[in-house]
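Peer 1: next comes the sequence, and after it the predicted model I'd like to discuss.
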Protein chains: 2
Amino acid sequence: MALQKLSPTVIEGLTQIPLLKDLPADLIASILNVAQRRAVEEGSAFFFQGDPAEKVYVLLEGRVKLFQLTPDGQQVLLRVIGPWSLFGAIALAHGEFYPVTAQTAQNSTALYWPVSVLMGFINKSPQLAMNALQIMAGHVQEFQDRFRELATERVERRLARAILRLTSQTGKKVPEGILLNLPITRQDLAEMTGTTLYTVSRILSQWESQGLIQSGREKIIICFPHGLVNIAEDLPARQT
Amino acid sequence: MALQKLSPTVIEGLTQIPLLKDLPADLIASILNVAQRRAVEEGSAFFFQGDPAEKVYVLLEGRVKLFQLTPDGQQVLLRVIGPWSLFGAIALAHGEFYPVTAQTAQNSTALYWPVSVLMGFINKSPQLAMNALQIMAGHVQEFQDRFRELATERVERRLARAILRLTSQTGKKVPEGILLNLPITRQDLAEMTGTTLYTVSRILSQWESQGLIQSGREKIIICFPHGLVNIAEDLPARQT
DNA sequence: AATTGTCTTTGCGCTGGCGCAAACAAAAGC
DNA sequence: GCTTTTGTTTGCGCCAGCGCAAAGACAATT
């Protein structure tokens, strides 16, 4: 029923996503056919941490931040996702509640399926289950890696990594370099890297004075990516 | 072919593990039937980080540490597992290489299956795929949580959490309290909590002087679990 | 009993990063 | 335009935790 509302371009895009990879065309069609659609304006949320996990989402457009709240109210930004990404997939694994909040950073729309529906498809198609498994496995690896980073590396390097990661997801070429095409605050970066907004601000200022980046309010342009990579990796001691 | 070598008690135990949960008895039988068995003595490894990921293991007895090596040679201890735990499951998701090393902390034996074999079963049983998915999802959540911990909490609390986690896995009652039934060094604890062995030692000494624990070489006994929980959670300010 | 290797403890100095405070800058609202 | 809100920068003091070094404790080996 939602299918006719999806543009061919969107459908084309959807057939490429990891969740639907290598599925027979007719199965993809019937899955998309029962998808529902939801638009959420900037600053609102698709779901909150603690909500019953009963839907699985694929972002069509916009930008979504996934974060966790600590018992004492601090936030930790786990992921920032763009179009074609899956989120809320924990629901598939009979997770009772979403462990994160999915808040929009821009006006966004997403497709979603009730778990029960998706589960029905999984029972018919092991490939779909395998795809889900692979996505999950990817997340496990990513968080293992970030855990290691946080445990062993200092802030400057973690920040460089985080920015490079974001760049690869949302980077957009502009004359001065690569623009992080996403409104992101110092606070956000701090929450992603396990530090404070002050420290992020200081490091960005330092990088700016070295000509590595240009930054402004909720805006970062990477002028010299290689410099950041040098910081992120263990490469030769860098000279100013 | 390995089935007849497994004692009924072991088979009984295996049918309970999350991976095989809710599977028809005959399927479990045929899965166990093609399992192979491998013993690894203390200090050796089932596999190393970077090895091709082609087997999935279930620990039958012993204790296995899963850790990652950083590019510059530091270790990070991701998990310590005991009997009935699944490891190397990344292989199921077409992970090319193991992202961790699985080293034994005691003489250990495990069952294992080549991925291809297990994959065959998955194609026949969506339930098996679901089980794997749930296990993965559990890991994602665990690492998200630990990431948050590492990003927002101080060492003492992280250490308390780590020890409580280990206790719930391997705790054994003794007259003085609960013994961590696993040879674990200060260094190991440091690698689990993202700190240094010096800091771990200092904190344990402090707890010992407060009567919360008794500790010795590669040995920890929790005398007053509630005290640790107080530290681990955000409970009321504790007085000495 | 003595030796060796591994693990643990603790003193000490140092620093990376925290976090308050206060000023500044850029949007957004009126 | 002015005000308010939201985000950013930076000085400053402080401390949690790091990491060296050196001594002590325990286990295993000879």
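Peer 2: Good, I have the coordinates.

Peer 1: show me the contacts for A:Leu133.
Peer 2: B:92-93, B:129, B:132-133, B:136 (Cβ atoms under 8 Å, 6 or more residues apart in numbering or on different chains). Bear in mind the C-beta positions are built from the backbone N, C-alpha and C, glycine included.

Peer 1: can you select the buried ones from those in PyMOL?
Peer 2: Those of the contacts of A:Leu133 that count as buried under 16 or more other Cβ atoms under 10 Å in any protein chain shown are selected in PyMOL with:
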select buried, chain B and resi 92+93+129+132+133+136
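
Peer 1: which helix is the longest one in chain A?
Peer 2: The longest helix of chain A (DSSP state H) is helix A:126-152.

Peer 1: and it, which residues are buried?
Peer 2: Within helix A:126-152, the residues that count as buried by 16+ other Cβ under 10 Å are A:126-144, A:146-152.

Peer 1: how about stretch A:87-106?
Peer 2: Judged by neighbour count (16+ other Cβ under 10 Å), stretch A:87-106 contains these buried residues: A:87-93, A:95, A:98-106.

Peer 1: likewise for stretch A:20-32?
Peer 2: A:20, A:23, A:28, A:31-32.

Peer 1: now for these, which pair is the farthest apart?
Peer 2: A:Leu23 and A:Leu32 (10.6 Å; Cβ to Cβ).

Peer 1: still on that earlier bit, what does the next helix or strand after the longest helix of chain A rub up against?
Peer 2: Next along the chain after helix A:126-152, taking DSSP states H and E as the criterion, comes helix A:155-170. When contacts are defined by Cβ under 8 Å, 6+ apart, helix A:155-170 is touched by residues A:63, A:80-82, A:149-150, A:178, A:180-182, A:184, A:189, A:192-195, A:199-200, A:203, A:220, A:222, A:225, A:228-229, A:231-232.

Peer 1: for the residue nearest the centre of chain A, what are its contacts?
Peer 2: Centroid-nearest residue in chain A, with Cα atoms, centre = their mean: A:Ile81, separated by 2.4 Å. Neighbouring residues of A:Ile81 by Cβ under 8 Å, 6+ apart: A:59, A:63-64, A:66, A:87, A:169.

Peer 1: of those - the most surrounded one?
Peer 2: Scoring those on neighbours with other Cβ atoms under 10 Å in any protein chain shown, the highest-scoring entry is A:Val64 at 25 neighbours.

Peer 1: and it, what does it touch?
Peer 2: Contacts of A:Val64 by Cβ under 8 Å, 6+ apart are A:46, A:80-81, A:85, A:87, A:102-105, A:108, A:110.

Peer 1: give me the buried subset of the contacts of helix A:155-170.
Peer 2: Neighbour counting by 16+ other Cβ under 10 Å classes A:63, A:80-82, A:149-150, A:178, A:180-182, A:184, A:189, A:192-195, A:199-200, A:203, A:220, A:222, A:225, A:228, A:231-232 among the contacts of helix A:155-170 as buried.

Peer 1: thinking again about what came up before, out of the contacts of helix A:155-170, which are inside helices?
Peer 2: Those of the contacts of helix A:155-170 lying in helices (DSSP H): A:149-150, A:189, A:192-193, A:199-200, A:203, A:225, A:228-229, A:231-232.

Peer 1: if we can go back for a sec, want to throw the buried residues of stretch A:20-32 into CSV with secondary structure?
Peer 2: Putting the buried residues of stretch A:20-32 into CSV (DSSP: H, G, I helix; E, B strand; the rest coil) gives the following:
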residue, secondary structure
A:Leu20, helix
A:Leu23, coil
A:Ile28, helix
A:Ile31, helix
A:Leu32, helix
